[in-house]
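Engineer: Quick one, structure for this:
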Amino acid sequence: MYFVLFTVFACLSTFHCFIQEDVKKSESHCGLQWLESSLVSVELTKTGFHREVVITVELGPAVLSGVRVALVQRWPRGVYVDPYQLASLSEQSNWQILIDSAIDLEVPAHKTEGFVTYVYPALDGPTPRLKVTIPIHGRYHEPSYDGETFTSVEIQPPELLLRTETCPQLNDVEPHAVVDAPCTHDNSSTCPWVKLQQQERGPARVQLPVGDGSLVAPVCGGTLLVTMLCCAALSRHMWEHRIM
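Structural biologist: Here you go, the predicted structure:
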């Protein structure tokens with residue numbers, strides 16, 4: 001009897017050790033090994049009010065297969081994206097985008113607020129490298145009264161979020177952080193994502209032309225004077241030729 005109990009206890013102990021070992025391996029597998037060697041870079045192309053932001057993401061070879069990527073871009077009030085243009089582009093590309101609020105394409109910069117976009121690119125090929133091109137447009141700004149002819153709009157690099165179904169419990173990811181973000185571009189629910197701690201990089205800057213506020217009074221006065229002279233000349237011409 002004692003021999004049977006001892007055998008059962010030994011089997012249970014061995015089984016428990018195997019379970020603990022598997023859990024430790026799983027936790028190690030879900031650790032920082034698949035979060036390292038990441039790099040996000042931003043480049044601006046084109047000129048004028050209509051630009052393109054090219055975001056490049058390079059992930060290290062230790063990243064797990066099946067990992068999902070999200071880019072959280074916080075845009076300043078000085079620029080905007082066209083939702084209809086982005087919808088057309090996402091249909092032809094391997095990424096989807098979610099905008100957190102409605103965008104008015106007509107209002108000037110000082111009458112609107114910044115917004116956030118969530119971009120969900122798909123990993124393509126054996127090398128975990130992604131490139132997303134987002135067209136942006138500059139807003140009109142208030143005229144300057146200091147003699148400045150251009151204003152600078154800063155675009156910060158996006159936040160890089162990663163998650164994988166093989167590691168549903170995300171623990172001990174320091175110096176990275178776990179944040180909640182929309183699971184997909186449909187925004188049906190939120191999921192925990194690992195926000196990678198990246199090296200501080202400077203923002204990309206867009207130079208946009210602004211009007212000269214000191215010329216407001218002369219321009220308005222000159223426009224009014226020319227309008228009155230034209231009206232007077234037209235009225236005289238109509239009176240002399242009896243044009244009714």
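Engineer: make it CA atoms for all contacts and neighbour counts henceforth
Structural biologist: OK.
Engineer: can you pull out the helices in this structure?
Structural biologist: Under the criterion DSSP state H, the chain contains helices at 2-29, 83-92, 216-240.
Engineer: ok, for the residue nearest to the spatial centre of the chain, nearest residue in space, not its chain neighbours?
Structural biologist: Centrality entry for the chain: nearest residue to the mean C-alpha point is residue 73, 2.0 Å, by CA atoms, centre = their mean. Among residues not flanking residue 73 along the chain, residue 158 sits closest, at 4.5 Å (CA to CA, 6 or more residues apart in numbering).
Engineer: Now do the contacts for that neighbour.
Structural biologist: If you count contacts by CA atoms under 8 Å, 6 or more residues apart in numbering, residue 158 has them with 40, 71-74.
Engineer: at 10 Å what do you get?
Structural biologist: 40-42, 55, 70-75, 116-119, 203 (CA atoms under 10 Å, 6 or more residues apart in numbering).
Engineer: How about residue 56?
Structural biologist: By CA under 10 Å, 6+ apart, the neighbours of residue 56 are 39-43, 129-133.
Engineer: That one bridge partners, please.
Structural biologist: According to DSSP bridges, the partner residues bridging residue 56 are residue 41, residue 131.
Engineer: Distance of it relative to residue 108?
Structural biologist: Using CA to CA, to the nearest Å, one obtains 30 Å as the distance from residue 56 to residue 108.
Engineer: next one: residue 44
Structural biologist: 22 Å.
Engineer: Residue 92 now?
Structural biologist: For residue 92 relative to residue 108 (CA to CA), the value is 30 Å.
Engineer: between these two, which one's more packed in?
Structural biologist: Between residue 92 and residue 108, counted using other CA atoms under 10 Å, the more crowded position is residue 108 (16 against 10).
Engineer: okay, now residue 48: neighbour count?
Structural biologist: 11.
Engineer: In terms of pLDDT, where does it sit?
Structural biologist: pLDDT, residue 48: 87.
Engineer: Tell me the spacing between the nearest residue to it once chain neighbours are set aside and residue 181.
Structural biologist: Spatial nearest neighbour of residue 48, chain neighbours left out: residue 208 (6.9 Å); criterion: CA to CA, 6+ apart. According to CA to CA, residue 208 stands 32 Å off from residue 181.
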